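Chemist: Pasted the sequence and its predicted model underneath.
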Amino acid sequence: MLNIDIILNNPFKAMGYDNEDLIPEGGFGAVLARAGVGKTAFLVQLALRALLRNKNVLHVSLDDPVNKVGLWYKEVFNNLVKQYNIKQSNQLWEAMLPHRFIMTFKAEGFSVPTLEERMTDLSEQDIFSPQIVVIDGFLFDESAQKWLSDLKAIARKLSLHVWFAMRTHRHEEPASDGMPVPFSNVSDLFDTVIQLQPKGKEIHVLSLKGGTSTSDSSALCLDPSTMLIKKQ
Amino acid sequence: MGYDVKKLRNIGISAHIDSGKTTLTERILFYTKRIYAIHDVKGKDGVGATMDSMELEKERGITIASAATYCEWNNHEINIIDTPGHVDFTIEVERSLRVLDGAILVLCAVGGVQSQSITVDQQMKRYKVPCIAFINKCDRSGSNPFRVIDQLKEKLGHNAVAMQIPIGLEADLEGVIDLVSMKAFYFDGDNGENVRIEDIPENLLAESMDRREELIDAASMYSDELTDVILEEKEITEELIIDAVRKGTLTREMTPVFMGSAYKNKGVQPLLNAVTKLLPCPSDVENEALDMDNDEASVILESDPQKPVVALAFKLEEGQYGQLTYIRVYQGTIAKGTTVYNVRSGKKVKIGRVVRMHADNMEDIKKIPAGYIGALFGIDCASGDTFTTPGVNLSMTSMFVPDPVISLSIVPNDNKARINMSKALGRFTKEDPTFKTYVDDETNDTIIQGMGELHLEVYVERMRREYDAEVTTGRPRVAYRETITRKAEFNYIHKKQTGGAGQYGRVAGYMEPVTEEDFMFENKIVGGKIPTQFISSCEKGFRLCLAKGPKMEFPVTGVKVTINDGASHAVDSSEMAFQAAARGAFLEGYAKAKAVIHEPIMKVVVETPTDFQGAAMSLLNQRRGMIVGSQDEGTQSVIEANVPLAEMFGFSTVLRSSTQGKAQFTMELGSYKQVPQSVAEELIKKAESEKKSKA
């Protein structure tokens, strides 16, 4: 008997999210953090939790090759099964894999039409139809607004939940709404914005938009040794 | 010549079929005075037009396609190393690419970047081999070297930069303009051996200036010094440009492009100059070995002749004086009379005769220092073996040899073929540890085993081509396995006590699935219920059952047997009796342990132009493949998938036809996984019908 229930015990309830998707269909979510704080680990956990709920996850990486992204999943999964002492984890892993598809692009070769073309290719041939899309390495620069609007249209059309990772910088002062400046221009497109904030030895999971936690206090944090989400 | 590693080049010539590799190699050997006459591949009557280099070699008695041909140019020593043409990702290809330090990528000025150019380019990329390009056949109608340069950029993603422009094209090709020295090169004499250097013709001056600007602009990316000179508007020397281009070439960030027509004897000498000036010498290249004492951790070797020896035997050749072993020394010096250690076999070997290969003869030498290539006589070794100074346990190749996943029966067509086949198999098994052969006890057929369908096809083709052994092949068979999925108990009595010497033994315990090892045995007998001297017989009995599983006669793996009870008879118990009891116990437990069939799942990597990504994915999907992901690399795309080997038969043909021959794939064993129920049923049916037909 696979003890999935423990994993599925939604930790985000503590942050005011009743639904573990955190975002509605066609919605955008973002994880903001400085380099090396744990954006990818956090996104991979969201993806793994979705996979355990038999959702199809498309992981798009603009930085890393397929095998490196695969290693992230394996590593986080191993930590997860260890933490919950799950036997027969191999079977669970094998059962999950067909629900995951990794797509990587060289950052300069990425464009929304290309991504749409690839996704259409996959679904038309009945190879893979994503429900959740995780985009890691997306550059929030001047062209981001146009691209995000296009992506939003696709997300709505295909009822996707789309997650982004965004790197913030220590020296940047936040905008008046508390968001990092480059993100502030596009934040209205996002339903949920989560920030990972190192405080002492822990990494706090703060909600900048959506949920009930504030930027001052958080009910969740990341365990720095395993990068797993845990309650404070 | 002396030993100056800075003046040594170990290069390969990679090309699409028909782009003129043989003609170019031939001209190189002629201009470097290794051969004294030029014979055309295409004879006057056109008969020889399709000759391949093997046939040409036989006819000419030279060794164009030998493992390494040595020549000299401008006080530099050049070893031209043969790169096997087959696309399959075999150990042999890997080995020959390891020996190269640089390469000339030959392209046809008419055909441009063709599918095989993509293949060879990807091999170079995989092994980080720096290369220069030569656009051949500029004399042909329809030739357009600048279109080929664009294709190099678009299709192969090279930062290709012209180092020359042609003087005339097609039938009017007269020579080339060197954009570094800004001189025109003409090739006079019967065979173009007299290079005449003149000023650039007036009508080409403007184009030359423009192209030179492009070249300097591209080269300045790799040299601050050159950038400074440009900014300060000082005179740009030839050395500055060459140094910058060399830096870009060595890091594979730039591909300098040369052009000409080997057949019309134009542009070969400047290409040879470029080999000496732009391609790396052995000490420019970082070579890695694996530390066998440290879990195959990688160790960087130093191209220093004084350090302990690390050398790789990369090719064996059967000559009239016995086995000739081609060797590349990466570190230290191999000298006549010294003793080295074969890391694979653990044997010490004394070096006897050391030679250096010329085009058609050999020269005895005393030593082979780091970076050099030579050949040894009378050394018993396999291809891919590493030789080191005794006490150094480094290997150039991984010692991990995966089990073969596919087998094929081969039957020689006649007696001559039988003898040649046996010779060929002996050689191939020595060359390639992943290629195995045995004779099936039941059918008496010779079975060859390897890592994939193409792998075996290559060897069957080589048997025919190189050994004149015509064989008929059977259907390829996948190496399935059986295993159990649940714990099951057994309690079996083997009893024969009716007349004569009796047999008695009882074995009880349980079997359970394990993943760590193929077979584990644990003895939990207490109180001497099975006497200690019979425990090993029990283990042997269980082990004997593993070779042919009770379900489908496939090998059984992943089983742990624990015995915890039993009984013996003071007179009738024997080793034989307990072996038989263990066999019975195994069958009893196995029947209850829900046995399943496992099949090899291959990690398949398809490299395809992005336009065909969808088609390639669809092919993988149709083959019970699970696509792990896709990697978009601009014009090319890489798809990674896990596909059952049984579904991969004929994949290369289908992939080629669906992608206009532009995609290629590699595969290696990933894991063994349970076959789906429907496939298992098919297999059982098939096995039953085969049994019936045999009966």
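Modeler: It's in.

Chemist: what about the residue most central in space within chain A, which SS state?
Modeler: Central residue of chain A (Cα atoms, centre = their mean): A:L43, 3.0 Å from the mean position. Secondary structure assignment for A:L43 (DSSP: H, G, I helix; E, B strand; the rest coil): helix.

Chemist: tally of neighbours for the closest residue to it other than its chain neighbours?
Modeler: Nearest residue to A:L43, sequence neighbours excluded (Cβ to Cβ, 6 or more residues apart in numbering or on different chains): A:V134, at 5.0 Å. (Each C-beta comes from the backbone N, C-alpha and C, glycine too.) Using other Cβ atoms under 10 Å in any protein chain shown, A:V134 is surrounded by 26 other residues.

Chemist: In which helix or strand does A:V134 reside?
Modeler: strand A:132-136 (DSSP states H and E).

Chemist: Show me what from chain B comes close to chain A.
Modeler: Applying Cβ under 8 Å from any Cβ of the partner chain, we find that chain B lies next to chain A at B:515, B:613-614, B:617-618, B:621, B:626-634, B:638, B:640, B:673.

Chemist: how about B:Q306, what does it touch?
Modeler: Applying Cβ atoms under 8 Å, 6 or more residues apart in numbering or on different chains, we find B:Q306 in contact with B:G332, B:T333.

Chemist: and the gap between it and B:L169?
Modeler: 52 Å (Cβ to Cβ, to the nearest Å).

Chemist: Likewise for B:N642?
Modeler: Counting by Cβ to Cβ, the separation of B:N642 from B:L169 is 49 Å.

Chemist: can you tell me the residue of chain B closest to chain A?
Modeler: B:G629 (3.1 Å; Cβ to the nearest Cβ).

Chemist: In which helix or strand does that residue reside?
Modeler: Secondary structure from DSSP H and E places B:G629 in strand B:626-633.

Chemist: what comes up buried for that strand?
Modeler: Neighbour counts using 16 or more other Cβ atoms under 10 Å in any protein chain shown place B:M626, B:I627, B:V628, B:G629, B:S630, B:Q631, B:D632 of strand B:626-633 among the buried residues.

Chemist: can you redo those residues as a markdown table with distance to A:D63 and pLDDT?
Modeler: Shown next, in a markdown table, are the buried residues of strand B:626-633 (distance: Cβ to Cβ, whole Å; pLDDT from 0 to 100):
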| residue | distance to A:D63 | pLDDT |
| --- | --- | --- |
| B:M626 | 24 | 92 |
| B:I627 | 21 | 92 |
| B:V628 | 17 | 93 |
| B:G629 | 14 | 93 |
| B:S630 | 15 | 92 |
| B:Q631 | 12 | 87 |
| B:D632 | 13 | 86 |
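
Chemist: Okay, B:F30 and A:T114: tell me how far apart.
Modeler: 50 Å.

Chemist: out of those two, which sits in the busier spot?
Modeler: Of the pair B:F30 and A:T114, B:F30 is the one with more neighbours under other Cβ under 10 Å, namely 20 against 14.

Chemist: roughly how far apart are that one and B:L24?
Modeler: B:F30 is 11 Å from B:L24, by Cβ to Cβ.

Chemist: now B:G629
Modeler: For B:G629, the distance to B:L24 equals 40 Å [Cβ to Cβ].

Chemist: do B:A103 as well
Modeler: 12 Å.

Chemist: Next, show the common contact partners of those two.
Modeler: Residues touching both B:A103 and B:L24 by Cβ under 8 Å, 6+ apart: B:I13.

Chemist: For those two, work out which one has more neighbours and name it.
Modeler: B:A103 (27 against 23).

Chemist: Averaged pLDDT, the helix or strand harbouring that one. What do you get?
Modeler: Assigned by DSSP H and E, B:A103 belongs to strand B:102-108. Strand B:102-108 carries an average pLDDT of 89.

Chemist: who does that strand touch, helix- and strand-wise?
Modeler: Counting contacts by 3 or more Cβ pairs under 8 Å, 6 or more residues apart in numbering or on different chains; DSSP states H and E, strand B:102-108 packs against strand B:8-15, helix B:21-31, helix B:115-126, strand B:131-136, helix B:145-154, helix B:268-278.

Chemist: Run the chain-centre distance for the second one.
Modeler: Yep, that's helix B:21-31 we're talking about. Its chain's average C-alpha position is 25 Å from that of helix B:21-31, according to Cα atoms, centre = their mean, to the nearest Å.

Chemist: For chain A, give the residue positioned nearest to chain B.
Modeler: A:I102 (3.1 Å).

Chemist: quick one: what helix or strand has that residue in it?
Modeler: Element membership for A:I102, per DSSP H and E: strand A:100-105.

Chemist: In its sheet, which strands sit next to that strand, and in what direction?
Modeler: strand A:57-61 (parallel), strand B:626-633 (parallel) (DSSP bridges).

Chemist: tell me what the host helix or strand of B:I216 is packed against?
Modeler: Element membership of B:I216, judged by DSSP H and E, is helix B:202-219. Where contact means 3+ Cβ pairs under 8 Å, 6+ apart, helix B:202-219 is packed against strand B:160-162, strand B:164-167, helix B:224-231, helix B:238-250.

Chemist: what's the least confident stretch among those?
Modeler: With a mean of 87, helix B:224-231 has the lowest mean pLDDT of the helices and strands packed on helix B:202-219.

Chemist: And stretch A:82-100, how far out from the chain middle?
Modeler: Using Cα atoms, centre = their mean, the offset of stretch A:82-100 from its chain centre is 19 Å.

Chemist: List of residues touching that stretch?
Modeler: Counting by Cβ under 8 Å, 6+ apart, residues outside stretch A:82-100 touching it are A:2-4, A:6-7, A:47-48, A:51-52, A:54-57, A:59, A:73-74, A:77-78, A:80-81, A:226, A:228, B:515, B:626, B:628, B:673.

Chemist: what do you get for stretch B:282-289?
Modeler: So stretch B:282-289 is contacted by B:5-6, B:8, B:10, B:98, B:101, B:250, B:298-301, B:303, B:310, B:330-331, B:370-372, B:386, B:394-396 (Cβ under 8 Å, 6+ apart).

Chemist: end-to-end on that stretch?
Modeler: Its start and end residues considered, stretch B:282-289 measures 15 Å (Cα to Cα, to the nearest Å).

Chemist: Buried residues in that stretch, which are they?
Modeler: Neighbour-count burial for stretch B:282-289 [16+ other Cβ under 10 Å]: B:P282, B:S283, B:D284, B:V285, B:N287, B:A289.

Chemist: Among those, name the ones in strands.
Modeler: B:A289 (DSSP state E).

Chemist: Same list (the buried residues of stretch B:282-289) but as JSON lines, adding distance to B:Q323 and pLDDT.
Modeler: Supplementary listing: these in JSON lines, determined by distance: Cβ to Cβ, whole Å; pLDDT from 0 to 100:
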{"residue": "B:P282", "distance to B:Q323": "25", "pLDDT": "88"}
{"residue": "B:S283", "distance to B:Q323": "30", "pLDDT": "85"}
{"residue": "B:D284", "distance to B:Q323": "32", "pLDDT": "87"}
{"residue": "B:V285", "distance to B:Q323": "28", "pLDDT": "86"}
{"residue": "B:N287", "distance to B:Q323": "25", "pLDDT": "84"}
{"residue": "B:A289", "distance to B:Q323": "24", "pLDDT": "85"}
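
Chemist: For B:K125, state which of the buried residues of stretch B:282-289 is nearest.
Modeler: Within the buried residues of stretch B:282-289, the smallest distance to B:K125 is 15.1 Å, found for B:V285 (Cβ to Cβ).

Chemist: Great, nothing more from me.
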